[in-house]
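Participant: With the sequence up front, the predicted model follows.
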Amino acid sequence: MENSVKAADQRIENLESKQAATVREKQELLKKPKTLNIIRQNFTALLSEQSSQIYPSQRDNVQL
């Protein structure tokens with residue numbers, strides 16, 4: 001009987017550990033779209049800044 005209690009306790013600890021790891025992984029995955037959006041905004045801002053520095057005759061060749 002005591003062995004089954006020990007096994008159950010170990011199983012509970014294992015599941016709690018897996019749950020904590022899953023929560024951390026979910027938090028990391030939720031950060032990715034935010035990070036990608038920031039990168040996209042910075043990239044777009046850089047392209048806009050660069051295109052404003054190009055001579056008017058060359059602007060037609062730049063695609064944003």
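Facilitator: Received it, and whenever you're ready, just let me know what you need.

Participant: use CA for all of it now, contacts and neighbours both
Facilitator: Fine.

Participant: for the chain, what spans make up the helices?
Facilitator: With DSSP state H as the criterion, the chain has helices at 2-53, 56-59.

Participant: Does anything pack onto the first one? Which helices or strands?
Facilitator: With contacts defined as 3 or more C-alpha pairs under 8 Å, 6 or more residues apart in numbering; DSSP states H and E, helix 2-53 has no helix or strand neighbours.

Participant: circling back to that earlier point, highest mean neighbour count out of the helices of the chain?
Facilitator: Greatest average neighbour count among the helices of the chain goes to helix 2-53 (a mean of 12), per mean count of other C-alpha atoms under 10 Å.

Participant: which stretch in the helices of the chain has the least confidence?
Facilitator: Note on the helices of the chain: helix 56-59 shows the lowest mean pLDDT, a mean of 57.

Participant: Any idea which residue is closest to the centre of this structure?
Facilitator: residue 32 (1.2 Å; C-alpha atoms, centre = their mean).

Participant: need the contact list for that residue.
Facilitator: For residue 32, the contact set (C-alpha atoms under 8 Å, 6 or more residues apart in numbering) is empty.

Participant: 10 Å instead?
Facilitator: If you count contacts by C-alpha atoms under 10 Å, 6 or more residues apart in numbering, residue 32 has them with residue 38.
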